[in-house]
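J.: predicted model and sequence follow; I will ask about them next.
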Amino acid sequence: MRAPAHRARRTVSSSILSIASATFFLSGCVLVRSSQRDYLSNQTALEAVAKAVGYQVDPARYQLVAVEVHEDLITLQYRGVEKVGDSAWVVRFSEKSTEQNPEAISDIYSLIPLLEEGRKGFVVVEDGERKVAGTVARFVRYRFDSPVSGEDGKPFAAHGIVVTLRRTEEGVAVVYQIKLDNHGDRDDVTWDDLAPFFEPLSRG
């Protein structure tokens with residue numbers, strides 16, 4: 001079920017949401033990036049950052065390929081190992097009490113316009129909420145035309161899911177935005193496919 005139009009178009013006052021989420025969804029510049037050349041690989045540094053912030057995904061399932069760090073947020077970008085068509089982003093925000101509306105960054109429906117941007121044929125196929133890691137996570141599943149085409153020139157069907165959840169870590173409120181896209185080698189992307197990204201939260 002698609003979210004009501006007035007919710008999808010809700011104006012978000014938080015500048016953190018507009019800047020960081022745009023980076024999250026549009027895969028902008030990063031501060032630390034792994035290299036395809038082994039002798040220049042930053043993998044050790046990338047994994048050290050993930051360990052320092054307490055968020056490590058099973059490397060047999062997803063390879064950490066980029067990290068962006070700011071004072072109040074961190075973005076981790078992953079590439080699928082088992083499913084090479086997978087690409088995923090995890091953004092962790094530290095809520096600020098001085099924000100006019102700190103809950104805005106956990107509003108799943110405010111992210112829909114960012115999801116639509118640059119994705120042809122975008123349509124929401126499901127939305128809802130589920131319990132995970134001791135909190136309630138809200139999610140939206142969607143499909144769109146993959147940027148990858150078959151031999152006939154037609155784009156593969158692409159699928160994705162995005163989740164927001166709010167929890168307390170070390171006495172501080174934090175918000176996670178987790179997004180998983182697949183560009184053609186999955187029949188669908190569902191809640192269960194996010195399990196590797198929920199595991200670090202369950203361990204925390």
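T.: Okay, I see it. Model, not experiment: these values are computed from the prediction.
J.: pull the helix or strand with minimum mean pLDDT from this protein.
T.: Least confident element among the helices and strands of the chain, by mean pLDDT, DSSP states H and E: helix 5-8 (a mean of 40).
J.: just the pLDDT for the closest residue to Gln77 other than its chain neighbours.
T.: Leaving aside its chain neighbours, Gln77 sits nearest to Ala66 (4.1 Å; criterion: C-beta to C-beta, 6 or more residues apart in numbering). For glycine as for every other residue, the C-beta is placed from the backbone atoms N, C-alpha and C. On pLDDT, Ala66 comes in at 95.
J.: next: the one 3 residues further on.
T.: Looking at Val69, its pLDDT stands at 92.
J.: tell me how far it lies from Arg167.
T.: Separation of Val69 from Arg167 (C-beta to C-beta, to the nearest Å): 20 Å.
J.: so for these two, which sits in the more crowded spot?
T.: Set Val69 next to Arg167 and count neighbours by other C-beta atoms under 10 Å: Arg167 wins out with 17 against 14.
J.: so what's that one bridging to?
T.: Val174 (DSSP bridges).
J.: what are the contacting residues of stretch 53-65?
T.: Stretch 53-65 is contacted from outside by 33-34, 43, 46-47, 50, 74, 76-82, 86, 88, 90, 92, 169, 196-197, 199-201, 204, using C-beta atoms under 8 Å, 6 or more residues apart in numbering.
J.: can you flag which of those belong to strands?
T.: Assigned to strands by DSSP state E, the following of the contacts of stretch 53-65 qualify: Arg33, Ile74, Leu76, Gln77, Tyr78, Arg79, Gly80, Asp86, Ala88, Val90, Arg92, Glu169.
J.: tell me what the second one is bridged to.
T.: In other words, Ile74. Beta-bridge partners, per DSSP bridges, of Ile74: Val69, Arg92.
J.: just the strands in the protein please.
T.: 32-33, 62-69, 73-80, 86-94, 123-132, 135-149, 155-169, 172-182.
J.: for Tyr142, what are its contacts?
T.: Contacts for Tyr142 (C-beta under 8 Å, 6+ apart) come out as Leu115, Phe122, Val123, Val124, Val125, His159, Gly160, Ile161, Val162.
J.: mind putting the ones in strands among the contacts of stretch 53-65 into CSV with pLDDT?
T.: Below are those laid out as CSV (pLDDT from 0 to 100):
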residue, pLDDT
Arg33, 50
Ile74, 95
Leu76, 97
Gln77, 97
Tyr78, 97
Arg79, 96
Gly80, 96
Asp86, 95
Ala88, 97
Val90, 97
Arg92, 95
Glu169, 90
